[in-house]
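A.B. asks: take this sequence and fold it.
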Amino acid sequence: MSSKLVLVLNCGSSSLKFAIIDAINGEEYLSGLAECFHLPEARLKWKMDGSKQEAALGAGAAHSEALNFIVNTILAQKPELSAQLTAIGHRIVHGGEKYTKSVIIDDSVIQGIKDSASFAPLHNPAHLIGITEALKAFPHLKDKNVAVFDTAFHQTMPEESYLYAPAVQTV
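C.D. replies: Numbers count the residues shown, from 1 in each chain. This next block holds a predicted model:
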């Protein structure tokens, strides 16, 4: 096992996908899905060491409860995974026009995600919960939380790739 493990979080509106991946060779050590948030059947499914498992999260559970379960129950079974985490990657749906690449999360990035929430009202608030919980669970990785924006790709497209006929008329 490499000492370059990355926790990847994808907080959606009603689910959370997660994985721990070796940044050097791409090997996956843990993967899973928490789903049915805010419903009585909220649950978490995961695969670790080739074994698939599932647990109920409790009625009404959501992102915070899922992340707490991942950290305090699943990772507690393999403390060496937590010990070897070097970064946390957060998939973020919308970064507005501000972000053209992945960035280290700081207070200004958190504010930028909040400012873009109107463009992704179901997702950006969930991403912020994931960031907050990750910072609480792994304070030693405070400067190693990275936001990866879906919209970054579109910020670097040349004009001819996003303007279509009819032609823009000038006055």
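
A.B. asks: what's stretch 24-35 in contact with?
C.D. replies: For stretch 24-35, the external contacting residues (C-beta atoms under 8 Å, 6 or more residues apart in numbering) are 1-2, 4-5, 14-22, 42-48, 57, 61, 63, 66, 69-70, 74-75, 78, 81. Any C-beta I mention is one placed from the backbone N, CA and C, and that applies to glycine too.

A.B. asks: report the buried members of these.
C.D. replies: Buried by 16 or more other C-beta atoms under 10 Å: 5, 14-16, 18-22, 42-44, 46, 48, 57, 61, 63, 66, 69-70, 74-75, 78, 81, out of these.

A.B. asks: before we move on, the earlier item: mind checking which of the contacts of stretch 24-35 are in helices?
C.D. replies: Secondary structure from DSSP state H places 63, 66, 69, 75, 81 of the contacts of stretch 24-35 in helices.

A.B. asks: least confident of these?
C.D. replies: Among these, Leu81 carries the lowest pLDDT, at 93.

A.B. asks: which residue comes closest to Leu85 once chain neighbours are left out?
C.D. replies: Leu5 (5.1 Å; C-beta to C-beta, 6 or more residues apart in numbering).
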